[in-house]
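Undergrad: Task: produce atomic coordinates for the following.
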Amino acid sequence: MSVVYLILLSLIQGVTEFLPISSSAHLMIFPFLLKVSDQGIVVDIAAHIGSLFAVLFFYRNDIKNIIVSVFCKGADKSLFFKLVIATVPVVFVGGVFFFLDLDFRNPEIVIYTSIIFGILFYLSDLFARQNKTIADLTFRDAFLIGVMQTLSIIPGVSRSGITTTQGLFLGLKREEALRFSFLLSVPTVALAGLAGIVDFAKSEEVVNVSSLVMTILFSFVFSLLAIKFMMAWVKRATFKVFALYRVLLGIFLYLYLK
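TA: Numbering: from 1, shown residues only. I've put the predicted structure just below:
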C-alpha cells in the first residue's frame with residue numbers, strides 16, 4: 001500500500017471521524033469508488049487509534065480532570081458517570097453485533113443512512129432549544145445519547161453526527177453537544193479498536209509495521225485539525241452545511257449505484 005494511499009485514508013478517517021458525516025461510510029466508499037481492494041482491518045484500526053490519540057491530546061485537561069475526579073474524594077464525578085452511562089448501550093449492542101458477526105459494510109446502506117440522518121441532523125439544528133451545557137445533562141439524557149450512538153454501528157449514520165443530533169434535541173448548545181460527543185468518542189473508539197484487534201487476531205492479515213505507524217501518525221494530525229476546525233466552526237456557524245452534504249452524498253451514491 002503506497003504512502004499516498006495511506007495519507008488519503010488517514011485524511012478521510014481523521015476528517016470524517018470528527019466532522020458529522022460518518023468515517024465508516026467514507027472509509028468504505030473510498031476504495032469502492034476507486035475500484036481498489038479494501039484496505040483491511042489493520043489499517044482501519046491504526047487510523048482509529050490515531051483519531052483516539054487526537055481526542056486525548058485536544059481534551060487532555062478535561063480528561064485529566066475526569067480521571068482526577070474519580071480518585072479524589074468529594075470531587076464532582078458527574079461527567080465521568082455521564083460518559084460511562086452513555087457508553088453502556090454501544091458496549092451491549094456492539095457486543096451483540098460482534099458475536100453474531102453481523103456486517104453492514106454495504107454502500108447501498110449508506111444511501112439511506114446518509115439521507116435519513118442528514119435530514120434528522122438538519123431538523124435538530126433548526127428546531128432544538130440549544131440553551132443547556134453538559135452540566136445540565138441528566139443521567140437519563142446521557143443514556144439517551146448513548147442509545148442513539150448505537151445506531152452509528154451502521155455505516156453512514158455517523159457517531160459524532162447522531163450523538164450531536166441527540167444532544168441538540170436535548171437542548172445542548174452546539175459547542176456543548178459537540179464537546180460531549182468528542183469526549184464520548186474516547187471510550188467508544190477505544191472499545192471499537194479493541195474489537196478490531198480481536199478480529200485481526202482471528203484473521204490471517206499480514207502486518208506492515210511502518211504502514212501502521214504512518215497511518216496512526218497521519219490520522220492523528222488530520223483528526224486533531226478536524227477537531228480544532230469543528231470547535232471553531234460551531235462558535236460562528238450552524239451544522240446545516242454538514243446535513244446538506246450528507247443528503248447530497250446519499251443522492252450521489254444512489255445515482256452512481258443505480
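Undergrad: alpha carbons only for contacts and neighbour counts from here, please
TA: Noted.
Undergrad: distance between the lengthiest helix in the chain and the chain's centre?
TA: Determined from DSSP state H, the single longest helix within the chain is helix 174-202. Offset of helix 174-202 from its chain centre (C-alpha atoms, centre = their mean, to the nearest Å): 7 Å.
Undergrad: and it, what other elements does it pack with?
TA: helix 41-58, helix 78-100, helix 159-169, helix 209-233 (3 or more C-alpha pairs under 8 Å, 6 or more residues apart in numbering; DSSP states H and E).
Undergrad: Deepest in the core, which of the ones you listed is it.
TA: helix 159-169 (a mean of 28; mean count of other C-alpha atoms under 10 Å).
Undergrad: Go through the helices and strands packed on helix 174-202 and name the closest to Pro31.
TA: helix 41-58 (12.5 Å; C-alpha to C-alpha).
Undergrad: Mind listing residues that contact whichever helix or strand comes after the closest one?
TA: As assigned by DSSP states H and E, the chain's next helix or strand after helix 41-58 is helix 60-71. The contact list for helix 60-71, computed with C-alpha atoms under 8 Å, 6 or more residues apart in numbering, reads Leu56, Ala75, Asp76, Lys77, Leu79, Phe80.
Undergrad: From the chain's centroid, how far away is the helix or strand Val4 falls within?
TA: Here Val4, judged by DSSP H and E, is contained in helix 3-18. Offset of helix 3-18 from its chain centre (C-alpha atoms, centre = their mean): 14 Å.
Undergrad: And whichever helix or strand comes after it, what's buried?
TA: The first helix or strand that comes after helix 3-18 along the chain, using DSSP H and E, is helix 23-34. Neighbour counts using 16 or more other C-alpha atoms under 10 Å place Ser23, Ser24, Ala25, His26, Leu27, Met28, Ile29, Phe30 of helix 23-34 among the buried residues.
Undergrad: on that earlier part again, can you pull out the residues in contact with the helix holding Val4?
TA: Here helix 3-18 has contacts from 22-24, 26-27, 47-48, 50-51, 158-160, 182, 211, 214-216, 218-227, 230, using C-alpha under 8 Å, 6+ apart.
Undergrad: follow-up on the earlier one: CSV for the helices and strands packed on helix 174-202, including mean pLDDT and distance to Ile12?
TA: Below are the helices and strands packed on helix 174-202 laid out as CSV (pLDDT from 0 to 100; distance: least, C-alpha to C-alpha, whole Å):
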stretch, mean pLDDT, distance to Ile12
helix 41-58, 88, 9
helix 78-100, 92, 23
helix 159-169, 96, 15
helix 209-233, 93, 8
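Undergrad: Mind checking those helices for the one nearest to Tyr245?
TA: helix 159-169 (12.2 Å).
Undergrad: Adding distance to Asn106 as columns, could you present the contacts of helix 60-71 in JSON lines?
TA: Putting those into JSON lines (distance: C-alpha to C-alpha, whole Å) gives the following:
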{"residue": "Leu56", "distance to Asn106": "31"}
{"residue": "Ala75", "distance to Asn106": "46"}
{"residue": "Asp76", "distance to Asn106": "43"}
{"residue": "Lys77", "distance to Asn106": "40"}
{"residue": "Leu79", "distance to Asn106": "36"}
{"residue": "Phe80", "distance to Asn106": "35"}
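Undergrad: Closest one to Ser2 out of those, please.
TA: Distances from Ser2 to the contacts of helix 60-71, taken by C-alpha to C-alpha, are shortest for Leu56, at 28.2 Å.
Undergrad: So the closest one sits against Val186, correct?
TA: Yes - here Leu56 lies in contact with Val186, judged by C-alpha atoms under 8 Å, at a distance of 7.3 Å.
Undergrad: Make CSV from the buried residues of helix 23-34 and add distance to Ala190 and pLDDT to it.
TA: Below are those laid out as CSV (distance: C-alpha to C-alpha, whole Å; pLDDT from 0 to 100):
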residue, distance to Ala190, pLDDT
Ser23, 15, 85
Ser24, 15, 80
Ala25, 19, 85
His26, 20, 86
Leu27, 18, 80
Met28, 20, 80
Ile29, 23, 82
Phe30, 23, 79
